[in-house]
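Chemist: Below is the sequence, then the predicted model.
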Amino acid sequence: MQRRALLSAALLFSIACGPVPEDAGVTDASELASTEQGICITPRKPNLLSNGSFDTAGLVNPVTVTTPAPGSAGWSAADGWTMFTNTPGYIYSRVLPSARPNSGSSNMIQVNTLGWGNGLVQVFKPFGTGPQKATAGAWVFVLRGKIGIGTGNGGNTGLDALSQTTGQWEYLTASNGVSPANEFVIYSADVGGAEFFVDTATVLEMPNLLKNPDFDTLSGNTVSVTTSVSVPGGAGVSAAANWTLFANTAPARFYTEVKSSTRVSGARMMRVITTAERNGLVQVFQSDNPCDTDGPDHSLSGAWVYVRSGKVGLGTGNGGNTHIDVESTTLNQWEWLQAPNGVSPANELILYSTNATGADFDVDFATVNQTP
């Protein structure tokens, strides 16, 4: 480790993930492996949140506020975090020693409120600015009620993930539901409010690993493509560039068409029709780290779908080992499908029919974001 620290910056950039020149001063195979391993570690994304570990208490700890009308309730007990009440009434916060096993942080924050949509807020960028895609997460312990986390653009921020348990630590994570990302909230999601602990919170800027995720670019000169297959296997390109078709069940027919989005004005979407189960769209992608040739170990994928008939599933995994991680639940309305990769490493996204007779659906936007 000491000798590696002496390598010049020029050498570090020149060897990247490839071989070290003979005159680099590395004298044995073990040192070469150590050097390359150190360089190829995925750089950790900086937490966009200030005091995300709640280790620094505010000037007043604890803090109790009763608001007569919806709006800001002032600073919380943790430095850098404010309290907000969408429902007028009581809200309380206190910084205390962390109780989460192997936490890595010294403190956590306790929040108690009696109304819906009340809790913690942190603005980390000016309104209208910030990354288009971010991944947020928080360790929470819900004592009473239900809570949610959300990342978005100022007052347009909603809840992107909800707690599922009480009386135990639970990790909530989700991509920002509104872009750009400049505000993070942890709110009660129950009419009676909630009482909960938060141990660590993060918002990380994560690029979309997919190409042509909004279907703006055509694969050829026409907006629609029709394909028929008689045996299982690849069914060629779709109407959108970078998206291919695959048939696990044959015989089958595919129809894809790029058209104006019915969800976002001025955007595009792609209609997909397939006549058999486990058939649909595929995209193979790479990590944003050039040293990570097999894809990230952890990712969060999502897509907006509008299912007219049948059922649609989304999955992320390792090539042919990819399976469905989440399925659609409604018809004739836009639905956001989201799930972490079920198989590691993650290098392939699928959007398949999961109904025996196939499916007819629109896809408006899709994303794969690398997560810690």
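Modeler: Alright, I've got the coordinates. Residues are numbered from 1 along each chain as shown.
Chemist: where does the chain dip in pLDDT?
Modeler: 1-44 (pLDDT under 70).
Chemist: Pull up the gap between the most centrally placed residue in it and residue 222, please.
Modeler: Centroid check for the chain by CA atoms, centre = their mean gives residue 175 as the closest residue, at 3.6 Å. Computed as CB to CB, to the nearest Å, the residue 175 to residue 222 distance reads 32 Å. No exception for glycine: its C-beta is placed from N, CA and C like everyone else's.
Chemist: Same question for residue 148.
Modeler: Shown here: residue 148 relative to residue 222, a distance of 43 Å by CB to CB.
Chemist: what do you get for residue 193?
Modeler: Per CB to CB, residue 193 is found 55 Å from residue 222.
Chemist: quick one: which of those two has more around it?
Modeler: residue 193 (27 against 11; other CB atoms under 10 Å).
Chemist: Any chance of the backbone angles for the more buried one?
Modeler: With angles defined as degrees, to the nearest 10, residue 193 sits at phi 80, psi -160.
Chemist: Isn't it up against residue 118?
Modeler: Yes - here residue 193 lies in contact with residue 118, judged by CB atoms under 8 Å, at a distance of 6.4 Å.
Chemist: which residues does the residue nearest to the centre of the chain contact?
Modeler: Residues in contact with residue 175, defined by CB atoms under 8 Å, 6 or more residues apart in numbering, are 133, 134, 135, 136, 151, 160, 206, 300, 302, 338, 367, 369.
Chemist: C-alpha coordinates for the helix or strand where residue 269 lies, PDB please?
Modeler: Assigned by DSSP states H and E, residue 269 belongs to strand 268-274. Output of strand 268-274 as PDB, limited to C-alpha atoms (Å, rounded to 0.1, in the frame of the first residue of the first chain):
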ATOM      1  CA  ARG A 268     -42.000   9.900 -27.400                       C
ATOM      2  CA  MET A 269     -43.000   6.400 -26.400                       C
ATOM      3  CA  MET A 270     -43.000   3.000 -28.000                       C
ATOM      4  CA  ARG A 271     -46.000   0.700 -28.500                       C
ATOM      5  CA  VAL A 272     -45.200  -3.000 -28.200                       C
ATOM      6  CA  ILE A 273     -47.600  -5.800 -29.200                       C
ATOM      7  CA  THR A 274     -46.600  -9.500 -28.800                       C
END
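Chemist: Show me the strands in the stretch 151-300 of the chain, by range?
Modeler: 161-162, 169-175, 183-188, 194-205, 224-229, 233-237, 244-247, 252-260, 268-274, 279-284, 299-309 (DSSP state E, counting those that start in this stretch).
Chemist: Of the ones you listed, which is nearest residue 125?
Modeler: strand 183-188 (8.0 Å; CB to CB).
Chemist: Direction included, what does the closest one pair against?
Modeler: Next to strand 183-188 in the sheet, as set by DSSP bridges, lie strand 118-123 (antiparallel), strand 147-152 (antiparallel).
Chemist: right, and the ones you listed - which one's nearest residue 278?
Modeler: Of the strands paired with strand 183-188, nearest to residue 278 by CB to CB is strand 147-152, at 32.8 Å.
Chemist: Contacts made by that closest one with the rest, please.
Modeler: Contacts for strand 147-152 (CB under 8 Å, 6+ apart): 119, 134, 136-138, 140, 157-163, 172, 174-179, 181-190, 194, 196, 201, 203.
Chemist: so residue 162 touches residue 146, yeah?
Modeler: Yes - with contact defined as CB under 8 Å, residue 162 reaches residue 146; the gap is 6.2 Å.
Chemist: what residues are up against the closest residue to residue 134 other than its chain neighbours?
Modeler: Closest residue to residue 134 apart from its sequence neighbours, by CB to CB, 6 or more residues apart in numbering: residue 181 at 4.0 Å. Counting by CB under 8 Å, 6+ apart, residue 181 touches 48, 125, 130, 131, 132, 133, 134, 151, 152, 153, 203, 205.
Chemist: how much space between residue 181 and residue 276?
Modeler: 39 Å.
Chemist: Over to residue 48?
Modeler: For residue 48 relative to residue 276 (CB to CB), the value is 44 Å.
Chemist: With residue 56 instead?
Modeler: From residue 56 to residue 276 the distance is 57 Å (CB to CB).
Chemist: More neighbours: which of the two?
Modeler: Set residue 56 next to residue 276 and count neighbours by other CB under 10 Å: residue 276 wins out with 22 against 14.
Chemist: ok now do the more buried one, which residues does it touch?
Modeler: Residue 276 makes contact with 247, 249, 250, 251, 252, 353, 356, 357, 358 under the criterion CB under 8 Å, 6+ apart.
Chemist: What's the local residue count around the fourth one?
Modeler: Using other CB under 10 Å, residue 251 has 12 neighbouring residues.
Chemist: Which residue comes closest to it once chain neighbours are left out?
Modeler: Nearest to residue 251 is residue 230, by CB to CB, 6+ apart, at 5.1 Å.
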